[in-house]
Structure formats: structure tokens, C-alpha cells
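Visitor: A structural model of the following input is requested.
(one chain, ligands or ions: 1)
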Amino acid sequence: MTTDLTEAVVDSLKDTTDPRLRELLASLTRHLHAFVRETEPTMAEWERAIDFLTATGQTCTDTRQEFVLLSDVLGVSMLVETINADEHGTDSTVLGPFHMTESPVRELGADIDLVGGGEPCVVSGRVLSLDGTPLPGALLDVWQANAEGFYDVQQPEVQPAGNGRGLFTADAEGRFWFRTCVPSPYPIPTDGPVGDLLKATGRHPYRPAHIHFIASAAGHVPVTTHIFVAGSEHLDSDAVFAVKESLVQDFAETDDPSLAREFGVPNPFRHARFDLVLNPGRS
Ligand SMILES: [Fe+2]
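Guide: From the prediction side, this is the model:
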């Protein structure tokens, strides 16, 4: 009988004109039904599940994306990202829930830390094609939490909009550089249903310190990624399972007065250098 029910639902989808939508819904139906047959939820548990999803939706606002967070803590975001990743260029990782606002356009060398108080650092590198050719004019969308571990959208009364964010254009040699503060590990928001889920499962909410990037260039596959601060706490237990070893970068203590002058930072300073490599394969 229960198998008949599953096939009846799948059969009801047969007039879906978009074949991909039909495939996704049929597979979703089969997997959901299999999950229910396996776990045999009580009515109360089913209602609790509906309440949880309802609360997840109701927690979303223009500046908070609880469903992305749910996808993140269940590892679904990382799985989708990995399936779609380009296997040759820079490793990708999750977008995360804080890419909510447009990053302000900034000049190369600008400081995205509008508030100060953190440990100053410089992030620099190049955007390259797979064969090492620089990609002049590549775009870099950058966002990070402040030194206390909060994004601007989480603290509209404390941080100016656009703090920790910048949209940079690589120079004629594909180079980019900007100033910021060394990011800190931070807990993902725990005051909503996803936080309840973490508490109920005895999981901590922390992410290791990182800076987000989306790099794009004409004729190349864009990459959504982070760089993680080497030595940061929680690198081995990221709440959203997003760490890849290739993305862990040294924010090296640098004592170089002339370089500090060039970047406009006090000497000594912390310096993360890395290149972003894009694949010309699919654009
Ligand atoms: Fe983040």
C-alpha cells in the first residue's frame, strides 16, 4: 500500500513539462517516502517537523537567511558546492548566509575594515587562468566578519553598512590587494531554529576564521570560496563542514617597512598572499 502511494505521487507528476523538475520532484518524493517508512514518525513528530520548517522560514528576513544556515549545518550546501565544483581551479566552498547585500565598489588597496580595532592585515594575490595567464579586470567580491566575529548585517547599529565588504577589480596584471583586520572565528546565529537544532544535537556553532571570496572573470567559471586563517580554532570542526586544506592560508607576521609603506599599514603587519585560479572550461 505504501509503495502504491509513493508511485501514485510520482505518477501525478507525469505531466510536468520541465523534465528536470519532474526528475527532481519524483526523486524527492521517493526519498522522503523512504525516510518516513524507515523512521515511522509519530503524528507529534511530524507536527514538530512542520513547526521547525515553518519557524525556519519565519526567521528569514532581508538580512538573515535561516534556510541557507539549515542547509549549511546539515552539510547540504557543501555537498551541492562540491558536486558543482570545478576540479582544476581554486577549490570552492560554501557561499554561507551572509552574502546578503551588495559589496561596495572599492579601489585596490582600500581598507574594508571601516571600524578598526582588529589586527591590521593585508590580503594580496593574483587572479589567474588555469594555464597561469593573469586575468586583468577580474572581479573579486569579498566579505568577512569583524574582529569580534559579526557581519555588518548582524549589527546594523554597531557597524556601518558595507563594513568588511568590498568589490575589487584586479589590475592589468591580474593582481589584487586590500587591507582589513584579521578575522576571528565566530558562532553562526544560534537564536533561531538552526541554533535549537545544534543545541539538541550537542553541536557547537563555531566557524574557523575566514574571508569569503567570489572571483569571476570573462570567459571563466566563477569560484565561490573562502580563505581560512591558518592556526584558527575550529579548523577541524567547522559547524558548516566547509574547510578544505588547500584554502587554509598563513596570515604571516611580516616585518618589512617598505612593503608596509606600500600597502599603507603600520609595520609589522599580517599578510595573506594567495592566487585565485579560474577555469576557462564552462563560462
Ligand atoms: Fe562567514
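Visitor: ok, which stretches of the protein are strands?
Guide: Along the chain, the segments classed as strands by DSSP state E run 120-129, 139-143, 165-169, 175-181, 186-187, 206-207, 210-216, 223-229, 248-249, 252-254, 269-273, 276-278.
Visitor: Can you tell me the closest non-neighbouring residue to the most centrally placed residue in the chain?
Guide: Residue closest to the average C-alpha location in the chain (CA atoms, centre = their mean): residue 95, at 2.7 Å. The spatial neighbour of residue 95 that comes closest, neighbours along the chain excluded (CB to CB, 6 or more residues apart in numbering), is residue 224 at 5.3 Å. Bear in mind the C-beta positions are built from the backbone N, C-alpha and C, glycine included.
Visitor: now residue 109
Guide: With sequence-adjacent residues excluded and distances taken as CB to CB, 6+ apart, residue 109 is closest to residue 177, at 5.8 Å.
Visitor: The one you found reaches residue 110, doesn't it?
Guide: No - the pair residue 177 and residue 110 fails to qualify as a contact (CB atoms under 8 Å) at a distance of 9.4 Å.
Visitor: tell me which strands and helices whichever helix in the chain runs longest is in contact with?
Guide: In the chain, with assignment by DSSP state H, the single longest helix is helix 19-39. Applying 3 or more CB pairs under 8 Å, 6 or more residues apart in numbering; DSSP states H and E, one finds that helix 19-39 contacts helix 2-12.
Visitor: measure the residue nearest to residue 30 when sequence neighbours are not counted to residue 29 for me?
Guide: With CB to CB, 6+ apart as the criterion, residue 30 has its nearest non-adjacent residue at 6.1 Å, and that residue is residue 6. Distance from residue 6 to residue 29, counting by CB to CB, to the nearest Å: 7 Å.
Visitor: Per the annotation, how does this protein divide into domains?
Guide: For the chain, automatic domain parsing gives the domain ranges 2-40, 76-280.
Visitor: Among the ones you listed, which comes closest to residue 59?
Guide: domain 76-280 (4.2 Å; CB to CB).
Visitor: Run through the bridge partners of the nearest residue to residue 116 once chain neighbours are set aside.
Guide: Nearest residue to residue 116, sequence neighbours excluded (CB to CB, 6+ apart): residue 181, at 7.6 Å. Note on residue 181: beta-bridge partners residue 120, judged by DSSP bridges.
Visitor: OK, contacts around residue 181?
Guide: 113, 116, 117, 118, 119, 120, 121, 146, 147 (CB atoms under 8 Å, 6 or more residues apart in numbering).
Visitor: do residue 172 as well
Guide: residue 136.
Visitor: any idea of the pLDDT on it?
Guide: Looking at residue 172, its pLDDT reads 97.
Visitor: What of residue 94?
Guide: Residue 94 is given a pLDDT of 90.
Visitor: now residue 282
Guide: The predicted local confidence for residue 282 is 56.
Visitor: The chain should start at 27 in everything you say after this.
Guide: Noted, 27 is the first residue going forward, which turns the last one into residue 308.
Visitor: Now do the same contact list for the residue nearest to the centre of the chain.
Guide: Here residue 121 is in contact with 94, 103, 107, 238, 240, 250 (CB under 8 Å, 6+ apart).
Visitor: cool, and residue 254?
Guide: So residue 254 contacts 234, 235, 236, 261, 269, 273, 274, 275 (CB under 8 Å, 6+ apart).
Visitor: try 6 Å
Guide: For residue 254, the contacting residues are 234, 236, 269, 273, 274, by CB atoms under 6 Å, 6 or more residues apart in numbering.
Visitor: Mind putting the residues you listed into CSV with neighbour count and distance to residue 219?
Guide: CSV is the format used below for those (neighbours: other CB atoms under 10 Å; distance: CB to CB, whole Å):
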residue, neighbour count, distance to residue 219
234, 24, 24
236, 27, 24
269, 21, 24
273, 18, 29
274, 17, 31
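Visitor: and which of those is nearest residue 181?
Guide: residue 236 (18.2 Å).
Visitor: what sits against that closest one?
Guide: 252, 254 are the contacts of residue 236 under CB under 6 Å, 6+ apart.
Visitor: And the one 5 residues further on, by the same measure?
Guide: Applying CB under 6 Å, 6+ apart, one finds that residue 241 lies in contact with 153, 166, 249, 302.
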